[in-house]
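J.: let's see this in three dimensions:
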Amino acid sequence: MEFETVIGLEIHAQMKTKSKIFCGCATDFGAPPNTQVCPVCLGMPGVLPVLNRKVVENAIRLALATDAHINRENRFARKNYFYPDLPKGYQISQYELPIAEHGRVEIEAGGVRKIIGITRAHMEEDAGKLVHDDREPKSYVDLNRTGTPLLEIVSEPDIRSPEEAVAYLKKIHAIVRYLDISDGNMQEGSFRCDANISLRPAGREEFGTRTELKNMNSFRNVQLALEYEERRQRDILLEGGAVVQETLLWNPDRGCTESMRGKEEAHDYRYFPDPDLVPVHIDEEWIRRIREELPELPDQRRQRFISRYGLSEYDSDLLTSARELADYFEAACAGYANPKKLSNWIGTEMLREFGAEEIGRCPVAPEQLARLLTMMDEGIISGRIAKTIFAEMLASGGDPDDIARERNLVQMSDAGELVRLVREIMAANPEQVRQYREGRTKVMGFFVGQLMKKTRGQANPQLANELFKKELGG
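T.: Numbers count the residues shown, from 1 in each chain. Predicted structure coming up:
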């Protein structure tokens, strides 16, 4: 029997704000436990929450970027459940009137482009964090994260494979980072994903029983977890069994899912409007102002890179995958006129050392990379020497001209000196000279290699080829 996989993702993006969603406590990551708390985020009796305007504006930005409908009136609700890291006994979220609904993004997976719908995006506060002791059966509660603003983005069940799920996740990740509304750091928990997955017989409209996957802190773990759960559910169904609706944790060490608890439904949380918060009213002028401030988004930049710089779709996808990388490329383009060569160098030498989002840590400034490639084009250095200089630039942040001069790496282009060396090599290798003159032209590589050895890699290879051909009579 053939099955169709149905996946929906719930993404929690931590908003990039200095203070929490309903109080003035800081949101800095890594502060000592329970030092960024106050009576409001601790849920003390008699305190009242006050909404952070920046959170609303960030949500509007996301809605505009995903072509979603913005509800002009939306309200907060209380989501009731008990957990040790939830001091109020409820989470302030949005339910029946979220800020945004019916959005969409385009993804590409397996060479096919596809639209994935976004059911809703809503604002809410984060819970705290449990810290488990490895030495004894104890857990500690850190409430620093309590009240940190989140934007939950819920997809339609339009995703049909783990590959599509990762493509969608990466697209939302790129959008929130381009908008500068979230830092998207999955390792620090500021961009988290839960996945709902079910299987149904091919051609059937009714959905199968779904499970929810949690504890996936990287794109790779999302794909691995979904692939494992896809296989697990298929095996159960093929054996005539029934999938149990439950919440599962992904165990990356064992490479499998583990049962956490039964899967909750909305009625389990007993949602009701929060009596301490008035509805949020969004007028057209507010939306217009935010729309005018939107930056160029990943898809728009990708198309511009193709049309303006003549790059392939693959290169454009790579360079626009992170705003920092796209900015770096364009800054380097200002000083270098060959976008394709620049793209190739960034895609190989640069991204071998730094991830796309880490390019800001690279000690090689865009203008320095542009100068390095210009030196190579002008014959001042060879491609091999350029890589040596680049490694030194990564280590010291030095200027390419200074490094080439100080380490005597400038390419030899003195024809007179090179001719003398060419003749020495020919005189020392008569057998190879005979082979070349008999038509075995591949021996040219031997001659050029000998010259490079004599000059410690500094001979201009193009000039070397020309001089050998001339002296060999070929």
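J.: now D327: how far from L64?
T.: Distance, D327 to L64, using CB to CB, to the nearest Å: 21 Å. Quick note: C-beta positions are derived from backbone N, CA and C, even for glycine.
J.: what pairs with the helix or strand where R78 lies, parallel or antiparallel?
T.: Taking DSSP states H and E as the definition, R78 sits inside strand 77-80. Counting by DSSP bridges, the strands paired with strand 77-80 are strand 90-93 (antiparallel), strand 272-273 (antiparallel).
J.: which one of these lies closest to M375?
T.: strand 90-93 (56.6 Å; CB to CB).
J.: circling back to that earlier point, would you mind giving the strands paired with strand 77-80 as CSV with distance to Q223 added?
T.: Below are the strands paired with strand 77-80 laid out as CSV (distance: least, CB to CB, whole Å):
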stretch, distance to Q223
strand 90-93, 28
strand 272-273, 38
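J.: in a markdown table: these, plus mean neighbour count.
T.: Output for those, formatted as a markdown table (neighbours: other CB atoms under 10 Å):
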| stretch | mean neighbour count |
| --- | --- |
| strand 90-93 | 20 |
| strand 272-273 | 14 |
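J.: S198 is nearest to which of these?
T.: Closest among the strands paired with strand 77-80, using CB to CB: strand 90-93, at 24.3 Å.
J.: any idea which helix or strand comes after the closest one?
T.: strand 100-109.
J.: ok, then the element right after that next one?
T.: strand 112-125.
J.: which strands or helices does the host helix or strand of I403 pack on?
T.: Here I403, judged by DSSP H and E, is contained in helix 400-406. If you count contacts as 3 or more CB pairs under 8 Å, 6 or more residues apart in numbering; DSSP states H and E, helix 400-406 packs onto helix 366-377, helix 383-396.
J.: where does the prediction get shaky in the protein?
T.: 262-267, 411-415, 474 (pLDDT under 70).
J.: how is it divided into domains?
T.: Per automatic domain parsing, the structural domains of the chain span 3-286, 296-393, 415-472.
J.: could you tell me how far the first one lies from the centre of the chain?
T.: I take that to be domain 3-286. 17 Å (CA atoms, centre = their mean, to the nearest Å).
J.: and the end-to-end length of that domain?
T.: End-to-end distance for domain 3-286: 47 Å, by CA to CA, to the nearest Å.
J.: on that earlier part again, neighbour count: D327 and L64, which is higher?
T.: In terms of neighbours (other CB atoms under 10 Å), L64 is the more surrounded of D327 and L64; the figures are 19 against 15.
J.: run the angle between the helix or strand containing that one and strand 112-125 for me.
T.: Element membership for L64 (DSSP H and E) is helix 53-65. Orientation check (axes from the mean of the first three to the mean of the last three CA atoms, to 10 degrees): helix 53-65 against strand 112-125 gives 160 degrees.
J.: what residues does the helix or strand just after helix 53-65 touch?
T.: Sequence-wise, the next helix or strand downstream of helix 53-65 (DSSP H and E) is strand 69-70. If you take CB atoms under 8 Å, 6 or more residues apart in numbering as the criterion, strand 69-70 is touched by I60, A63, L64, I99, A100, E101, H102, G103, I282, I287.
J.: ok so, going back, nearest to D299, out of the strands paired with strand 77-80?
T.: strand 90-93 (29.6 Å).
J.: and the longest helix for this structure?
T.: helix 219-238 (DSSP state H).
J.: where do the strands of the stretch 251-400 of the chain begin and end?
T.: Remark: strands assigned in the stretch 251-400 of the chain by DSSP state E, counting those that start in this stretch are 256-262, 272-273, 280-281.
J.: in the longest one, what's buried?
T.: Residues of strand 256-262 classed as buried by neighbour count (16 or more other CB atoms under 10 Å): T257.
J.: could you look up the SS state of E10?
T.: strand (DSSP: H, G, I helix; E, B strand; the rest coil).
J.: ditto for D183
T.: Going by three-state DSSP, the state assigned to D183 is coil.
J.: report the contact partners of L97.
T.: Here L97 is in contact with N71, E73, N74, R75, P279 (criterion: CB under 8 Å, 6+ apart).
J.: I meant I99, not that one.
T.: V56, A59, I60, A63, I70, N71, N74, A121, H122, M123, V280, I282.
J.: give me that answer again for 6 Å
T.: Under the criterion of CB atoms under 6 Å, 6 or more residues apart in numbering, the neighbours of I99 are A59, N74, H122, M123.
J.: for the last one, give the beta-bridge partners.
T.: I take that to be M123. L151.
J.: right, and E164 touches A109 too?
T.: Yes: under the criterion of CB atoms under 6 Å, E164 makes contact with A109 at 4.4 Å.
J.: more neighbours: the two, which one.
T.: Neighbours were counted for E164 and for A109 using other CB under 10 Å; E164 has more, 22 against 18.
J.: pull out the buried positions in the helix or strand containing the more buried one.
T.: Using DSSP H and E, E164 maps to helix 162-178. For helix 162-178, burial by neighbour count (16+ other CB under 10 Å) applies to 162, 164-169, 171-178.
J.: and if you look at stretch 304-317?
T.: R304, F305, I306, Y309, L311, D315, S316.
J.: gap between the last one and R437?
T.: Think S316. 48 Å.
J.: what about E324, how many residues nearby?
T.: Neighbour number of E324 under other CB under 10 Å is 18.
J.: now do the same contact list for it.
T.: I359, G360.
J.: how about the one 4 residues further on?
T.: Residues near Y328 by CB under 6 Å, 6+ apart: I359, P366.
J.: doesn't A167 make contact with A109?
T.: Yes: using CB under 6 Å as the test, A109 is close enough to A167 to be in contact (4.3 Å).
J.: if you tally nearby residues, what's the number for P33?
T.: For P33, using other CB under 10 Å, the count is 14.
J.: residues near G416, how many?
T.: 6.
J.: tell me the SS of it?
T.: helix.
J.: so how far is L409 from it?
T.: 21 Å.
J.: still on that earlier bit, which of the strands paired with strand 77-80 sits closest to G335?
T.: Comparing the strands paired with strand 77-80 by CB to CB, strand 90-93 comes nearest, at 48.7 Å.
J.: so which residues make contact with the closest one?
T.: Residues outside strand 90-93 that contact it (CB under 6 Å, 6+ apart): F76, A77, R78, K79, N80, E124, E125, D274.
J.: now for these, which sits with the most neighbours around it?
T.: Busiest of the contacts of strand 90-93 [other CB under 10 Å] is F76, holding 27 neighbours.
J.: I figured it was touching D276, is that so?
T.: No: under the criterion of CB under 6 Å, F76 is not in contact with D276, lying 8.6 Å apart.
J.: elements contacting the helix holding L64?
T.: strand 112-125, helix 284-293 (3 or more CB pairs under 6 Å, 6 or more residues apart in numbering; DSSP states H and E).
J.: no further questions, thank you.
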